[in-house]
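K.L.:
Got a predicted structure here, sequence first:
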Amino acid sequence: MKQRINVVLREEPQEQRVIVAGWVRTRRDTGTFSFLEVNDGSCLANLQVIADSSLANYEEEIKRLNTGCSVIVTGVAKKSPAKGQNVEVHADTIEVVGWADPENYPLQKKRHSFEFLREISHLRPRTNALGAVARVRSRLAWAINSFFQERGFFQVHTPIITTSDCEGAGEMFQVTTAREAGAAKGTHEEFFGRKAGLTVSGQLQAEVYALALGNVYTFGPTFRAENSNTSRHLAEFWMIEPEMAFCDLACNMELATDMLKYVLSDVVENCSEDMALFDSFIEKGLLAKLRSVIEKDFAHLTYTEAVDKLIASKKKFEFPVKWGIDLQSEHERYLCEELFGCPLIVTDYPATIKPFYMRVNDDGKTVAAMDILVPGIGEIVGGSQREERYEVLERRMLEAGIELEEYRWYLDLRKYGSVPHAGYGLGFERLVQFVTGMANIREVIPFPRTPGFAPC
RNA sequence: UCCUCGGUAGCUCAGUAGGUAGAGCAGGUGGCUGUUAACCACCUUGUCGGCGGUUCGAGUCCGUCCCGGGGAGCCA
């Protein structure tokens, strides 16, 4: 039975027989045998395999092995006499499954720039850092599902193709069967009988299920056709959107805080080897940062208080601060990184700069919005209590220039058994970025899609 | 999309006042060694991002387009 290398490395070596299958990272020859470093993706560490020159295929094959070749090794696990590893496997047989021509194989046994690796997205998960990102990303997804499931939330699969436009979340990719550009208008009938696009948010549909099942969450792909070229934006990304009935802004903040602390703890505990790599090679002090986020309370300011703090700081900002403007990156960075040095929740933004569905506060000027800002990333969570009062919502939609007929279903939720409810969106890749310390969001999703880039 | 810096060997980069290119690593060959970014010796490698222009002559100067880094906007 084939075993995973993480298991072989974990068990005490007692001359037990093992079979492992993986890819050769490097080969070192000595007088009478060779060392192979084999990695099967189950963990960061490689398994050191001792290939003795007595092996039948030693001269013809073993000595030709190089980075990238795939092998199946059978042998005996032994205590390693040298430093660097506790376990090593002395091979009885090494079957070469696939060669990787060293003249052409792009990965070398040395550091590569992330920019270069991005050009070979089909090979980059075979590197230490990108493999670690993939494992941590998977664990984070698991932790998020666990968090919500443990609390009795139901996962709802909201549509990827949607006809709900102008959710205030940005440009939509259009979905059409028309073959030629422009043909969609008039000459061809729309497949859905109306304009459709890829979802920019599952929130509105999640609200439908929250007002039936109580607490729900979505976890799926999201698309923005914005021409954004930054280290924090993708055209296709994954978003988690919980939505809770009978829940106000305070309840929303509490859930978001608990969720972040829960998933961070889980990953720090269960991905320690990969996290150690990020801590020492990607972002120094990463683990200390994460532990402090897990332990410390998040700071909380209202937008109005935040504006006061920014003005009181007497700092020169490129964009002068004044009540009513949206907070710029430099403002968020000052508050989050300099003033507090921890995650910061900003609530109660001016109604004029937030979307129609956010609940209007009693002052009539602000809405029950909340953004969670995190050092180094900026906004990681954006949410609000939703407007549950029919008349108020209708007025806000009209003010926003929204076609009411298109949103009858959404207004109906306020017409029949309406309840206070709230929710938020968490950018999954931004979370992975925060957890791994990876500087560019294109490295934390397997196949990044950005303007002008979607190779496979 | 805007500002800014960059694109030279498979990778990371150097290239002086315009005179048709170099290092380290990788790769190849040989040697050595319970090695672990192994080590030592020798050898190979380039449409200098694309197109156009100035010039006797362009990696180097000018224009334009593409791509990447950093910052900004939009946001998650």
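P.N.:
Nice, thanks for sending it over.
K.L.:
wait, doesn't A:Leu117 sit right on A:Arg126?
P.N.:
No. Using C-beta atoms under 8 Å, A:Leu117 is not in contact with A:Arg126; the gap is 9.7 Å. C-beta: built from backbone N, CA, C; applies to glycine.
K.L.:
which stretch of helix or strand covers the residue nearest the centre of chain A?
P.N.:
Centrality entry for chain A: nearest residue to the mean C-alpha point is A:Glu429, 2.4 Å, by C-alpha atoms, centre = their mean. Secondary-structure assignment from DSSP states H and E places A:Glu429 in helix A:428-436.
K.L.:
And that helix, what does it pack against?
P.N.:
Judged by 3 or more C-beta pairs under 8 Å, 6 or more residues apart in numbering; DSSP states H and E, helix A:428-436 is in contact with helix A:128-150, strand A:236-245, helix A:249-270, strand A:378-385.
K.L.:
which residues make contact with the helix or strand following the first one from outside it?
P.N.:
So that's helix A:128-150. Moving toward the C-terminus from helix A:128-150, the next helix or strand (DSSP H and E) is strand A:154-155. Contact with strand A:154-155 is made by A:145, A:148-149, A:209, A:213, A:215-219, as judged by C-beta atoms under 8 Å, 6 or more residues apart in numbering.
K.L.:
go again using 6 Å as the cut-off
P.N.:
A:213, A:216-217 (C-beta atoms under 6 Å, 6 or more residues apart in numbering).
K.L.:
and if you look at stretch A:356-368?
P.N.:
A:249, A:348, A:350-351, A:354, A:369, A:384-387, A:392, A:396-397, A:400.
K.L.:
Inside helices: which ones of those?
P.N.:
Under the assignment DSSP state H, these contribute A:249, A:392, A:396-397 to helices.
K.L.:
With respect to A:Phe191, which of those is nearest?
P.N.:
Nearest to A:Phe191, judged by C-beta to C-beta, of the ones in helices among the contacts of stretch A:356-368 is A:Met397 at 27.0 Å.
K.L.:
so how many other residues sit close to the closest one?
P.N.:
20 (other C-beta atoms under 10 Å).
K.L.:
how close does the closest residue to A:Val263 other than its chain neighbours get to A:Leu44?
P.N.:
Spatial nearest neighbour of A:Val263, excluding adjacent residues (C-beta to C-beta, 6 or more residues apart in numbering): A:Ala143 at 4.2 Å. As judged by C-beta to C-beta, to the nearest Å, A:Ala143 and A:Leu44 stand 19 Å apart.
K.L.:
One more: A:Cys271?
P.N.:
As for A:Cys271, its distance to A:Leu44 is 9 Å (criterion: C-beta to C-beta).
K.L.:
Who has more neighbours out of these two?
P.N.:
When neighbours are counted by other C-beta under 10 Å, A:Cys271 and A:Leu44 differ, and A:Cys271 comes out ahead with 24 against 18.
K.L.:
related to what we said a few turns ago, out of the helices and strands packed on helix A:428-436, name the one with the poorest average pLDDT.
P.N.:
Mean pLDDT values for the helices and strands packed on helix A:428-436 show the minimum at strand A:378-385, a mean of 93.
K.L.:
Give me the distance from it to the chain's centre.
P.N.:
Here the centre of strand A:378-385 is set off from its chain's centre by 15 Å, with C-alpha atoms, centre = their mean, to the nearest Å.
K.L.:
Got the domain ranges for chain A?
P.N.:
Using automatic domain parsing, the domain ranges for chain A come out as A:5-98, A:124-443.
K.L.:
Can you add distance to A:Ala454 and give those domains back as JSON lines?
P.N.:
Formatted as JSON lines, the domains of chain A follow (distance: least, C-beta to C-beta, whole Å):
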{"stretch": "domain A:5-98", "distance to A:Ala454": "25"}
{"stretch": "domain A:124-443", "distance to A:Ala454": "8"}
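K.L.:
can I get those in TSV with distance to RNA strand B?
P.N.:
Converted to TSV, the domains of chain A look like this (distance: least, C-beta to the nearest atom of the strand, whole Å):
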stretch	distance to RNA strand B
domain A:5-98	3
domain A:124-443	3
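K.L.:
Identify the residues contacting A:Lys315.
P.N.:
With contact set as C-beta under 6 Å, 6+ apart, A:Lys315 has no partners.
K.L.:
now it, what's its secondary structure?
P.N.:
Assigned by DSSP: H, G, I helix; E, B strand; the rest coil, the conformation of A:Lys315 is coil.
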